[in-house]
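Participant: just the structure for this:
(3 chains)
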Amino acid sequence: MAQTEPAEDPGELPYRRHGIPALGFENYWYPLLLAREVGRRPKAARLLGRDIVLFRDAGKLFALEDRCPHRGVKLSLGACEYRNSGTISCPYHGWVFDGASGRLVAALMDGPDSPITRKVGVRSYPVREHAGMIWLWPGEMAPTALEDDVPEWVGDQNRFFSIPMYTDYRCNWRALVDNWGQDHHAQYVHRSSPELLFQPVLPFALTLEPTVLPGNKGIAFKRSGGMTSAEFPGLGRFPNNEWWRVMKPTGRGNVRGFQESKAHRVYGIRNQSEVWLPGLVVVGRLSGEYALIQWAVPIDAGTTRCFNINNFRRLGRWREMLDRVHYWLWRGWAHDRIFSDQDKVLVEALVPGPERLSRSDVGVIYWRKFAGANARRPDRPAEAARDVA
Amino acid sequence: MAQTEPAEDPGELPYRRHGIPALGFENYWYPLLLAREVGRRPKAARLLGRDIVLFRDAGKLFALEDRCPHRGVKLSLGACEYRNSGTISCPYHGWVFDGASGRLVAALMDGPDSPITRKVGVRSYPVREHAGMIWLWPGEMAPTALEDDVPEWVGDQNRFFSIPMYTDYRCNWRALVDNWGQDHHAQYVHRSSPELLFQPVLPFALTLEPTVLPGNKGIAFKRSGGMTSAEFPGLGRFPNNEWWRVMKPTGRGNVRGFQESKAHRVYGIRNQSEVWLPGLVVVGRLSGEYALIQWAVPIDAGTTRCFNINNFRRLGRWREMLDRVHYWLWRGWAHDRIFSDQDKVLVEALVPGPERLSRSDVGVIYWRKFAGANARRPDRPAEAARDVA
Amino acid sequence: MAQTEPAEDPGELPYRRHGIPALGFENYWYPLLLAREVGRRPKAARLLGRDIVLFRDAGKLFALEDRCPHRGVKLSLGACEYRNSGTISCPYHGWVFDGASGRLVAALMDGPDSPITRKVGVRSYPVREHAGMIWLWPGEMAPTALEDDVPEWVGDQNRFFSIPMYTDYRCNWRALVDNWGQDHHAQYVHRSSPELLFQPVLPFALTLEPTVLPGNKGIAFKRSGGMTSAEFPGLGRFPNNEWWRVMKPTGRGNVRGFQESKAHRVYGIRNQSEVWLPGLVVVGRLSGEYALIQWAVPIDAGTTRCFNINNFRRLGRWREMLDRVHYWLWRGWAHDRIFSDQDKVLVEALVPGPERLSRSDVGVIYWRKFAGANARRPDRPAEAARDVA
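Facilitator: Residues are numbered from 1 along each chain as shown, chains lettered A, B, ... in the order given. So this is what the prediction gives:
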């Protein structure tokens, strides 16, 4: 059941002028579930406000609108009754729908000669399994090739393998992407995160110079200036009371080291962080061990599924096992739980309404302009760079 | 607090044209509670969106609007303070209302000479105890005689005795009555119900010819054609994988046996199932053991009380004991719990909205037309048959 | 997030004509929390529909609007990061606000030279700790002196000491104050309260003659007539079945004894009960042991914080200890729990809507007229008595 955008909602103010919809940009692939969550038994899900039923049969994956047009019952309570037919049956009167096309192939209780067969159908969604996730295209446009459309570290599973997980946040997806847009929250929110304990101090008050990525897929920023500590009149020093900062490098690495980092040289990550359409962030680690992708998946206007996709280079079976153990013992906990939950608390405590943006919000402002002007739409399918200045 | 009908609700579309209200037809008797649930202590209930307080005193039963007109407190929190006076006292300032008329007979805190006494009142509802149930008439019209207005198997307790029970469903009452209107769901939904395990296979894709019952009380269908199994192109046979069907007769009984059945000969049930106004179904069993009535009682727009009333012929004390034990050990569990709950899951999973009805929905279509055209209303009290073709 | 008053709500009918707002009168001091509930760690609260964060630093108490103007996060999730600066820092990007003025004193992540510093701010509320409670002034007018504005028994802590407690009720504040306005509910609702077991019988059907208190602070009533028992035609005697009434004096004390009572002579309480603006009741005990204040604090349109403030004369350390033990063992339980909860049940069971007031509602009617005509407002700050006849 799609929720409409309340035009008068004060929380819409910062987004309406840029045309960033509350339910997300439709014509993109989104990760929706982990691959292991969908089997023969139909699975109900929601994406961009649409109720969807997913199921597998005959080695294929299907996604249909989750409401039978006959009398309105949810198909997800039904079953894949005819093995290898790629169909799902409504639990109420046995209307059987083809998973690929959504067409009604039989109305069991109406008999084999039912005149309604093939006359009606439900919407069918392009759906793919890839890299351990179920991907879905909720829009009306013809879908692009999934592997080409998503970042290569997750798209090219010959060279990389991915470890995905997700958590549902009680917030609108835009709050979460804003959070990723170089808005200087990391230096403050995550300063005592275990993951950053032995990493360089993150500098703040940076000067950001925006760049549009090739193919207009997203944006990045050239960083300059900034400081890792400062004296504030009437208050004192920031940061304060942080004895553990003796364990950290001074921040040099952060400011100038990226071009020499493994992330850049080995993984081909061009920037320390990039924000891509429709709403994801690609984070390059200085250490270059892996590329992290965080994806804000709009479930409905008040719920966002935050996917953390950790992508590792394929370097043989032993190295993969090591990477998986390391993820399981340290990275999954330190980043995908602790670090991400620090963001979760804040975006869930955000009361939508008027904003007062500042110098350090250049990233957020630029992202919103870029996204509104460049998101794929039926009337704007091409991906030539657009001026967002 | 009566809920208004949201005119713009897409779930209203299939009903608005026929004039079937979300809160039910008002001028009928409805079973509301089990008799044992109401005693001297006031009991709060809701029916057709109205909040009602019920209580007994001096061997009589009373039902009043559950809000004191003085300052608005619920009378159901009060008490029957003066035994044998047939009154209820508001817990806040002791306004005492006559259970029969609803008139204010005293305002205790205002003294015996209070000028407001007998000047105000609350609405009083016609209410009866019958067959182990509390029956209430929520409408504005003068009530009919209860025994004449309800089906004789529950109305005539000299010849029959009733075992009632109820369950509350989270759905609108109309979805539940549609479910009973020969809509061919039973053959599909209940095919593996324990109650039907040794009964004839129910045929589907029947041709239904509607009849209006005498006195315009409801409708029934002459059934013909149909099949108990069929091959569906591209899918296979329906039903499939049902080894237990070897235990069942082939369905002959269902199709032509009703005229010879005990249900018809002994209980006088004219048809295998009839749907009556204001929203109930009378089911005749081929075995003729008893007549089952299921009644969809509108509580509010989103809640329906489903009464299952099992009615048995009075054949002496020993036979009654046997029938009660049989109900307690088998029928109550197999039908009123398992079988009915299969319906509950579906009507609660129904997302109201546009429908696409088919050939096998003749029963639903005819019921809606009949009910809208024939329900008792102040401007249409007589019960001459109306053309609904 | 302030809630708007729904103009069409039938529950508004009895109040709209008098101009008594659903969210309370703004320009008054209100008790909001117990003093011990606020420390250095920011504390979220709500008052008159406003979300507010409270904190202490450098021995001072501060109250600010609980939403950072930058990106909307609740300041109550932040911290008082710079000890002795009297500031609170937003948890998201380190915007630091002065507790006293609400001005932005630093935007940490934007650096010490941030151009936005001192350009923005949040609303700051006048706040005081007094008599073990946190007091807040939610209005736009300049606050009065707290000690002069509240009843002297709580205002003058040199002569009195206070024991406060509170309970949150699920009702609008107006229902609770109406409950206190000499509406004759006490004689009925509390007649079997343990606190009144050995006290005089409360007479009912009193004649009430209203008086406006000096300085127009509230109202009181001269009581006359009334009865402690009466015969009601067709019902019987009220009260009935109350064997424990043999333990009580007959009510003489109540009717004529107040001028000679300790409450009047020692505590200076002019009347047995007075209802003050913005919505509190001062109860004088005949025994004169203490003065009880009950305060209806509007949290939002559907929640009211009921403060019970018990005030005792300072008569030395030993007597204070005795009074506290007596409160702890008896009064706190018998009144602030049992007696008050009898009211709580009723005001929470009140269904707002049209009313039918009677002779004994003189107190409620007079209170509403008085309050609407006399409540402090920007266009009516002076406190000359207004005719409310």
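Participant: residue A:86: neighbour count?
Facilitator: Residue neighbour count, defined by other CB atoms under 10 Å in any protein chain shown, stands at 22 for residue A:86. Bear in mind the C-beta positions are built from the backbone N, C-alpha and C, glycine included.
Participant: likewise residue A:317?
Facilitator: 8.
Participant: helix/strand/coil for residue A:344?
Facilitator: helix (DSSP: H, G, I helix; E, B strand; the rest coil).
Participant: read off the pLDDT value for it.
Facilitator: Note for residue A:344: predicted pLDDT of 97.
Participant: test my guess that it contacts residue A:306.
Facilitator: Yes. Using CB atoms under 8 Å, residue A:344 makes contact with residue A:306 at a distance of 7.4 Å.
Participant: out of the two, which sits in the more crowded spot?
Facilitator: Between residue A:344 and residue A:306, counted using other CB under 10 Å, the more crowded position is residue A:306 (23 against 19).
Participant: that's a strand at the more buried one, yeah?
Facilitator: Yes. The assignment for residue A:306, made by three-state DSSP, places it in a strand.
Participant: if I look at it, how far off is chain C?
Facilitator: Residue A:306 is 17 Å from chain C, where distance means CB to the nearest CB, to the nearest Å.
Participant: pretty sure that residue contacts residue A:176?
Facilitator: Yes. With contact defined as CB under 8 Å, residue A:306 and residue A:176 form a contacting pair (6.3 Å).
Participant: so what sits against both of those two?
Facilitator: The overlap between the contact sets of residue A:306 and residue A:176 (CB atoms under 8 Å, 6 or more residues apart in numbering or on different chains) consists of A:169, A:296.
Participant: lowest average confidence, helix or strand, in chain A?
Facilitator: helix A:252-256 (a mean of 46; mean pLDDT, DSSP states H and E).
Participant: pLDDT of the next helix or strand after that helix, averaged?
Facilitator: Next helix or strand after helix A:252-256 toward the C-terminus (DSSP states H and E): helix A:262-265. Helix A:262-265 shows a mean pLDDT of 75 in the predicted model.
Participant: quick one: buried residues of helix A:262-265?
Facilitator: A:262, A:263, A:264 (16 or more other CB atoms under 10 Å in any protein chain shown).
Participant: and that helix, what does it pack onto?
Facilitator: The helices and strands touching helix A:262-265, judged by 3 or more CB pairs under 8 Å, 6 or more residues apart in numbering or on different chains; DSSP states H and E, number zero.
Participant: got any residues that touch both of residue A:344 and residue A:306?
Facilitator: With CB under 8 Å, 6+ apart as the test, residue A:344 and residue A:306 both reach A:167, A:169.
Participant: was I right about residue A:12 contacting residue A:22?
Facilitator: Yes. In this structure, residue A:12 is within contact of residue A:22 by CB under 8 Å, at 6.9 Å.
Participant: higher neighbour count, these two?
Facilitator: The neighbour count for residue A:12 versus residue A:22, taken as other CB under 10 Å, is higher for residue A:22 (23 against 19).
Participant: and residue A:58, how close does it get to chain B?
Facilitator: 13 Å.
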